[in-house]
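> my questions concern the predicted model and sequence given below.
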Amino acid sequence: MNGLQISIIILSVAFGLFGFILFVSIAGTVTKDRRDVEKRVGRLSNKKSGLTLQIQEKQKKRRSSILRRATDGTGRQSVQKKKLMDTIFNELILADIMMKPEEFCIIWLLLTFVPAGLAALFQAGMMPSVTLAAIGAFLPILFIKIKKGNRIKAFEAQLGDTLIMMCNGLRSGFSFQQAMENVASDMPAPIGIEFGRVCNEIRYGATMEEALNNMSERVKSPDLMLVVSAVLIQRTTGGNLSEILTTISQTIRDRIKIKGEINSITAQGRMSGMIIGALPVCIAAVLMVVNPEYMETFFTTSAGNIMLAVSIVMEILGFFAIRKVVTIEY
């Protein structure tokens with residue numbers, strides 16, 4: 001590629017980046033009011049009498065306006081933008097990243113296009129630019145996944161003590177919602193934040209079942225799903241909820257103990273699998289940036305294509321084989 005073609009590519013990417021940032025800014029403006037209301041209600045949760053009615057009325061008006069606009073193309077596009085920003089917002093909250101969705105999208109785009117654009121600007125070639133763009137696009141996703149995993153582990157570690165607290169509250173005469181409010185106010189993050197969101201959703205007008213199911217879908221913890229299922233069944237069939245939660249709490253404690261023992265036993269195998277699986281990919285990515293002429297053989301010749309295909313298949317098979325060995329059902 002000559003300098004003119006590279007300049008055209010960079011200009012096209014710049015226009016695309018500008019358009020996407022404009023789209024993110026508009027979508028962020030659409031959801032700004034709702035997020036501001038959630039923050040204010042979280043700080044003023046005790047003063048809920050008049051504020052709750054205003055929020056519910058505002059939510060009804062907003063839903064009706066969305067339904068009216070959804071009949072045309074503009075309404076559908078607006079709803080899709082809002083869903084996208086809400087999804088990114090929930091992912092950031094679950095990963096405990098205190099950042100707006102617009103800011104995260106901008107950083108994501110900069111990591112994706114700036115290193116690739118600089119590589120193309122200095123005529124490093126197409127392969128280094130594409131590799132840097134792929135790495136820049138993948139790193140934020142990996143970062144969020146790691147943060148979410150750590151947060152779920154912290155949530156599950158707090159769940160046993162939380163259930164004991166709720167059982168004590170139920171035995172002392174509290175309702176289940178009051179017990180959840182005590183958890184939201186007394187327990188630290190992340191479990192206090194999640195139960196606080198459940199209480200806020202109930203104040204907005206959602207039912208107990210909907211709020212609990214939403215928390216279960218957000219956190220995606222097997223232990224929490226067990227708790228939510230037991231609570232919903234008890235609300236339907238009846239029974240002593242405090243005894244049920246006590247039994248589940250002991251079960252969760254045993255599961256955490258067994259999980260810790262399994263993780264300590266399989267730590268070496270899991271680490272070996274991670275290193276063996278990531279090493280070829282990392283070396284290939286480095287060579288694509290540092291020495292692209294060496295890696296072009298895999299893409300430009302028939303023998304290279306066959307070797308690349310066989311390597312990818314063996315890499316996938318090895319990953320699943322090691323995962324099968326170190327994964328223990330309990």
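Looks like it arrived, so ask away. In this text the structure is predicted, and so the values were computed from the model without any measurement.

> and the helices in this structure, which stretches?
3-43, 49-69, 73-94, 101-121, 126-171, 176-186, 191-204, 208-219, 222-237, 241-265, 267-290, 292-295, 297-300, 302-326 (DSSP state H).

> show me which positions of the last one end up buried.
By 16 or more other CB atoms under 10 Å, the buried positions in helix 302-326 come out as 308, 322, 326. All C-beta spots, glycine's among them, are computed from the backbone N, C-alpha and C.

> which phi and psi values does residue 190 adopt?
phi -90, psi -10 (degrees, to the nearest 10).

> hmm, residue 93 and it touching each other?
No - assessed by CB atoms under 8 Å, residue 190 is found out of contact with residue 93, at 9.2 Å.

> tell me who's in contact with residue 231.
176, 212, 241, 244-245 (CB atoms under 8 Å, 6 or more residues apart in numbering).

> can you say which two of these are spatially most distant?
Maximum pairwise distance among those (CB to CB): 14.2 Å, between 212 and 244.

> so what's residue 322 up against?
Here residue 322 is in contact with 269, 272-273, 276-277 (CB under 8 Å, 6+ apart).

> in TSV: those, plus pLDDT and neighbour count.
Below are these laid out as TSV (pLDDT from 0 to 100; neighbours: other CB atoms under 10 Å):
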residue	pLDDT	neighbour count
269	78	14
272	80	12
273	79	18
276	80	13
277	81	16
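
> just the closest of those residues to residue 100, please.
residue 277 (34.1 Å).

> from residue 317, how far out is the closest one?
11 Å (CB to CB, to the nearest Å).

> thinking again about what came up before, got the contacts of residue 231 as a markdown table, with pLDDT, distance to residue 156 and neighbour count columns?
Shown next, in a markdown table, are those (pLDDT from 0 to 100; distance: CB to CB, whole Å; neighbours: other CB atoms under 10 Å):
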| residue | pLDDT | distance to residue 156 | neighbour count |
| --- | --- | --- | --- |
| 176 | 89 | 21 | 18 |
| 212 | 91 | 16 | 24 |
| 241 | 86 | 21 | 18 |
| 244 | 88 | 19 | 18 |
| 245 | 88 | 15 | 23 |
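
> let me know the closest of those to residue 119.
Distances from residue 119 to the contacts of residue 231, taken by CB to CB, are shortest for residue 212, at 48.8 Å.

> give me the low-pLDDT residue ranges for this protein?
Filtered on pLDDT under 70, the chain yields the residue ranges 1-82, 123-124, 329-330.

> okay, domains of it per the record?
Listed by automatic domain parsing, the domain ranges of the chain are 3-149, 151-265, 267-326.

> and among these, the most buried is which?
Comparing those by mean neighbour count (mean count of other CB atoms under 10 Å), domain 151-265 ranks first with a mean of 17.

> what's the spacing between it and its chain's center?
Distance of domain 151-265 from its chain centroid, counting by CA atoms, centre = their mean, to the nearest Å, is 20 Å.

> ends of that domain, how far apart?
23 Å (CA to CA, to the nearest Å).

> ok, stretch 282-296 next?
16 Å.

> could you tell me how far residue 296 is located from residue 127?
Distance, residue 296 to residue 127, by CB to CB: 7 Å.

> what about the nearest residue to residue 183 once chain neighbours are set aside, distance to residue 315?
In space, residue 183 comes closest to residue 195 once its chain neighbours are excluded; the distance is 4.5 Å by CB to CB, 6 or more residues apart in numbering. In this view, residue 195 and residue 315 are 42 Å apart by CB to CB.

> kindly report the same for residue 218.
33 Å.

> next: residue 222.
Residue 222 is 29 Å from residue 315, by CB to CB.

> can you check residue 205 too?
Distance of residue 205 to residue 315, computed by CB to CB: 50 Å.

> can you check residue 125 too?
Distance from residue 125 to residue 315, by CB to CB: 25 Å.
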